[in-house]
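Trainee: kindly return the folded structure for what I paste below:
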Amino acid sequence: MLKKVRGAWLFFLCISLSAYAAEPESEALKDLRLLVEKHCVSCHKESKMEGGVQLDGIDSEGRITRAGHLWMKALKQVQAGEMPPQSEPPMSMDDQARFIKSINEILAKALKEGAGNPGRVVARRLSHDEYRYSVLSLTGVDFDAKAYFPADGSGGAGFDNFARTMFLTPLKMERYYEAAETILDKAYSDKKVWRQLVPNPYKESWWQAFVNWFLRLFSDYSSSDKAVTEAEKVIVPFASKAYRRFLKPEEKEPLLDLFRKVYEGTEDETRYDIALKETFKTVLLSPKFLYRIEDEQPLGQPFALSNFELANRLSYFLWSTLPDQELFEVAYRENLHNPAVLNKQVKRMLRDPKAKRFSESFATQWFGISKLKDNSPVDPERYPEFTPSLRKAMYQEMVEYFHHVLTSSHNFLDLIDSDYTFLNEELAKHYGIAGVEGEQMRKVPLQDRTRGGVLGMGSVLTATSLPIRTSPVLRGKWVLEEILGTPAPPPPPDAGQLPEQEAAAENASIRDLLVLHRSKPDCMSCHKKMDPVGFGLENFDAVGRWRTSYGDQPIVAWDTLPSGEIFRGPAELKKILLTKEENFARVLAEKMFTYSIGRSVEFIDEPYMKGLVDNLLENDFHTEKFIIELVNSYPFRYKVNDGTDKFKSITKK
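Mentor: Purely as a prediction, here's the structure:
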C-alpha cells in the first residue's frame, strides 16, 4: 500500500514538473536574452562585472523582475545612447527598439500581476532617537539614548530606523534594563515629574495600616486590594500610552499582579511608589514598547493597518515619538483612513514644534552630516579654526534650514538653491558674511547665490571632503547620488588613487592632479560624471570657506557636464541642477518613502513612486502636499504578511 501511495505521489510530481518545464518562454524573454548576449555580456557577466552589474544567465522573467530597478536603469541608458559604451559596437536601431520593447513588456507584466501589493514591513525596534523621545513623552525624562546605547549599524538608504537593521543584541538588552532603572529613578527623584506620572498617590493612614494588620491575623484579607485599585488608574493609562494602543485584558492582569506582589513584599512606607516603579520598568522593557509591532492577519491578502497602527506610523514619521492624546483619541473615535481626517492631523502635526525632530533626523541623515554632531571629520592641525561650536553651528544650519523649507517656504527646491540661509555670528564670520551677531541661529538673506541651498552649507562641504583637503570626486559623487539619483558605477579594482603627498600640499591644484588621474581609460567613464560637478564646488575649501585660489594659482571652477551644459561656479551649477527636477523628485520621493515606512523601495512600488514624483512636479515641490500624498499612499496605510502567495509568485517564476 505504501509503495502504491509513494508511486502515485512520484507520478503526480513528475507530471507537475513536466508541465512546469514545458511552459513556453515568452517571446519578450527570448528576444531579451539574445540581445543581452549580443550587446551586454562581454562586459556584464559573472567573470567580468563592469560597474558591479551582471546581466548574463537570464533564465526566467522572475530573474528580471527581482532586479527590476536595474533593468529600468539599463533601459534608460540604452534609450539615451549611453549603453553600449562608445568603446563597443553600437546597437542597431532595430536591436535598440527590440531591447526596449522586451524589457517594457516583462516589467509591465510583473507590475500588473503585483498590483495592490503594499509591501512587507517587519516589526522594528525603536531607533535611539525614537526611544529618547518616546521616553520623554511617556515619563517626562529626557534620556540621551545615543550616548548610552551601542551604536546601530547603518542601513536603509542611510537611515537609522530601517526595520531590517534594528537588531537587539544581548548587550543592548542589558542596557535597556539599566536604562529603565535610570529613567525611573530620575523621574522619582523629581517630585514634579513623578506627580505627573502619579497624580493621585495612595498612602495608608496609620489607623488603616493597624486595622489591615489586625484583619490579616484572623482572615485572608489583603491590604493591597485598595492599593491595586488605585494603582490600576495609573498603570493602565501608562501602559496603553507606552504600547500605543489599548491594553488587552490578558496584558493588564500581569501588570497588576506584579504591582500587588511588590507592594505586599515591601514594608517601606513608600511601597506604593516602589511597586509602581517596578511595574513601569516592566512596561519600559516590554517588546510592546521597544518594538513597533503591527498585527498580522493570516488572510493571504493586503490589509489595512488599524487606526492605532496608522497613528503610530504617522507619529513616528513626523515626530519620532508615540502619538499624543489628540492623535490617540482620533484613532479611537474616528476613521484615520479617511483622507479628510488624516490630512487634518498631518497639517496639525507639521505645525507642532515636535516636527523639528523629523527635520533633524531626516535631513541630517539624507545629506550625510550626522557625524558632525559628535565628531570632527577634519584634521585639527590643518584646520584649528574648526571648533566644536562651529561644527555645531554648521549642523544646526542644516536643521533650521530644512525645517524652514518644510514649514514656511513649502518648496523642496529651496534645498538646491535659495537666497537665504540660517547663521549665527560664528558661522557667518566663517562664511565671510557681515552683520550677524550673537549665538542664536536666524534666517539671513544672501547677497548672491553661492551659499543658498545645501550645496553651499559648511556641513555638506566638510562631510564631502577629506580630513586635509577637498575632494571633487567625493563632492561630485555626493551630488550625483543625493541630488540627482544617478550614481556613478564603482571604481575598477586597479583604479588607484591620487598621489596623496602631492594632493596633501596646502596649495595643491586638485584639478590638475585629477585630470592626470582620469586620463586612464578605465577611470574616465566614472570621473567624467563626478569630477565636473566637484570642480564647480572647488571655491569652497575643506571646511566650507570661500576661496579663489590654491596659493598663487587661481581656482578654475567651470566645466562642462556630460549632458553638455557649461557652468562657472556653484551658482551656475545650481541653476543647472534645478532643471533636473524629475531626477531630484525621484530621489526625494525614494528617501522619504524609505524613512517613513522603514523599508527599501522595491520594484513593486513603481506605481506609487510615480504618484509621489508626479505630485512634486505638479505642485511645485510643495512640502505639505507631498507629505499628505505620501501618508495617503497605499504602502503607508496597508501591509501584507508573508502568506501572500499571489505576490510571492511574481519574483519566484
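
Trainee: name the residues of the helix or strand hosting T229 that are buried.
Mentor: In the assignment (DSSP states H and E), T229 maps to helix 224-243. If you call a residue buried by 16 or more other C-beta atoms under 10 Å, then helix 224-243 has these buried ones: 224, 227-228, 230-231, 234-236, 238-243. C-beta coordinates here come from the backbone N, C-alpha and C atoms, glycine included.

Trainee: measure how far the one helix or strand L276 maps to is from the centre of its chain, please.
Mentor: Using DSSP H and E, L276 sits in helix 271-285. Centroid separation for helix 271-285 versus its chain: 34 Å, with C-alpha atoms, centre = their mean, to the nearest Å.

Trainee: and stretch 72-80, by the same measure?
Mentor: On C-alpha atoms, centre = their mean, the centre of stretch 72-80 falls 27 Å from the chain's centre.

Trainee: next one: the closest residue in space to R124 that isn't next to it in sequence from N307, what distance?
Mentor: Closest residue in space to R124, ignoring its immediate chain neighbours: A163 at 3.8 Å, by C-beta to C-beta, 6 or more residues apart in numbering. According to C-beta to C-beta, to the nearest Å, A163 and N307 sit 21 Å apart.

Trainee: same question for T560.
Mentor: 55 Å.

Trainee: of those two, which one has the most company?
Mentor: N307 (21 against 11; other C-beta atoms under 10 Å).

Trainee: list the contacts for that one?
Mentor: Residues counted as contacts of N307 (C-beta atoms under 8 Å, 6 or more residues apart in numbering) are V330, A331, Y332, E334, N335, L336, H337.

Trainee: how near is it to L561?
Mentor: 49 Å.

Trainee: same check on L578?
Mentor: 13 Å.

Trainee: try V378
Mentor: 29 Å.

Trainee: and the two? Which one has more around it.
Mentor: Per other C-beta under 10 Å, whichever of V378 and L561 has more neighbours is V378, with 20 against 16.

Trainee: in helices, which of the contacts of N307 appear?
Mentor: V330, A331, Y332 (DSSP state H).

Trainee: quick one: the strands in the protein?
Mentor: 44-45, 48-49, 124-125, 291-292, 303-304, 420-423, 442-445, 549-550, 553-554, 558-560, 566-568, 638-639 (DSSP state E).

Trainee: TSV for those strands, including distance to W194?
Mentor: As requested, the strands of the chain are exported to TSV (distance: least, C-beta to C-beta, whole Å):
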stretch	distance to W194
strand 44-45	64
strand 48-49	61
strand 124-125	28
strand 291-292	27
strand 303-304	39
strand 420-423	38
strand 442-445	38
strand 549-550	61
strand 553-554	66
strand 558-560	63
strand 566-568	61
strand 638-639	39
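
Trainee: need those in JSON lines with mean pLDDT and distance to N312, can you?
Mentor: Shown next, in JSON lines, are those (pLDDT from 0 to 100; distance: least, C-beta to C-beta, whole Å):
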{"stretch": "strand 44-45", "mean pLDDT": "76", "distance to N312": "43"}
{"stretch": "strand 48-49", "mean pLDDT": "71", "distance to N312": "42"}
{"stretch": "strand 124-125", "mean pLDDT": "91", "distance to N312": "11"}
{"stretch": "strand 291-292", "mean pLDDT": "94", "distance to N312": "6"}
{"stretch": "strand 303-304", "mean pLDDT": "92", "distance to N312": "14"}
{"stretch": "strand 420-423", "mean pLDDT": "98", "distance to N312": "31"}
{"stretch": "strand 442-445", "mean pLDDT": "98", "distance to N312": "34"}
{"stretch": "strand 549-550", "mean pLDDT": "88", "distance to N312": "53"}
{"stretch": "strand 553-554", "mean pLDDT": "88", "distance to N312": "56"}
{"stretch": "strand 558-560", "mean pLDDT": "82", "distance to N312": "48"}
{"stretch": "strand 566-568", "mean pLDDT": "93", "distance to N312": "46"}
{"stretch": "strand 638-639", "mean pLDDT": "92", "distance to N312": "12"}
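
Trainee: any idea which of these gets closest to N104?
Mentor: strand 44-45 (19.8 Å; C-beta to C-beta).

Trainee: which residues sit against the closest one?
Mentor: Residues from elsewhere that reach strand 44-45 (C-beta under 8 Å, 6+ apart): E50, G51, V53, Q54, L55, D56.

Trainee: give me the buried subset of those.
Mentor: For the contacts of strand 44-45, buried by 16+ other C-beta under 10 Å: E50, V53, Q54, L55, D56.

Trainee: out of those residues, which one has the weakest pLDDT?
Mentor: Ranked by pLDDT, these bottom out at E50 (70).

Trainee: ends of stretch 283-290, what's the gap?
Mentor: One end of stretch 283-290 sits 9 Å from the other (C-alpha to C-alpha, to the nearest Å).

Trainee: show me where the stretch 101-250 of the chain has helices.
Mentor: 128-139, 145-148, 170-189, 191-197, 206-218, 224-243, 249-264 (DSSP state H, counting those that start in this stretch).

Trainee: okay, the ones you listed, which one's buried deepest?
Mentor: Per residue and on average, the most neighbours among the helices of the stretch 101-250 of the chain fall to helix 128-139, with a mean of 22 (mean count of other C-beta atoms under 10 Å).

Trainee: give me the residues contacting that helix.
Mentor: Residues contacting helix 128-139 (C-beta under 8 Å, 6+ apart): 126, 141-146, 149, 152, 160-161, 183-184, 187, 193, 197, 238, 241-242, 280, 284, 289-290, 316, 319-322, 324, 354, 357, 361.

Trainee: returning to that earlier point: pLDDT averaged over the helix holding L276, what's the number?
Mentor: 97.

Trainee: could you check the angle that helix makes with helix 249-264?
Mentor: With axes from the mean of the first three to the mean of the last three C-alpha atoms, to 10 degrees defining the directions, helix 271-285 sits at 140 degrees from helix 249-264.

Trainee: from the contact counts, what lies against helix 271-285?
Mentor: In this structure, helix 271-285 packs against helix 128-139, helix 170-189, helix 191-197, helix 224-243, helix 249-264, with contacts taken as 3 or more C-beta pairs under 8 Å, 6 or more residues apart in numbering; DSSP states H and E.

Trainee: find the nearest non-adjacent residue to K48, please.
Mentor: With C-beta to C-beta, 6+ apart, the residue lying closest to K48 is S42, at 7.8 Å.

Trainee: no, scratch that, I was asking about M609
Mentor: Using C-beta to C-beta, 6+ apart, the closest residue to M609 is A589 (5.7 Å).

Trainee: so E385 touches H430, yeah?
Mentor: Yes: with contact defined as C-beta atoms under 8 Å, E385 counts as touching H430 (7.5 Å).
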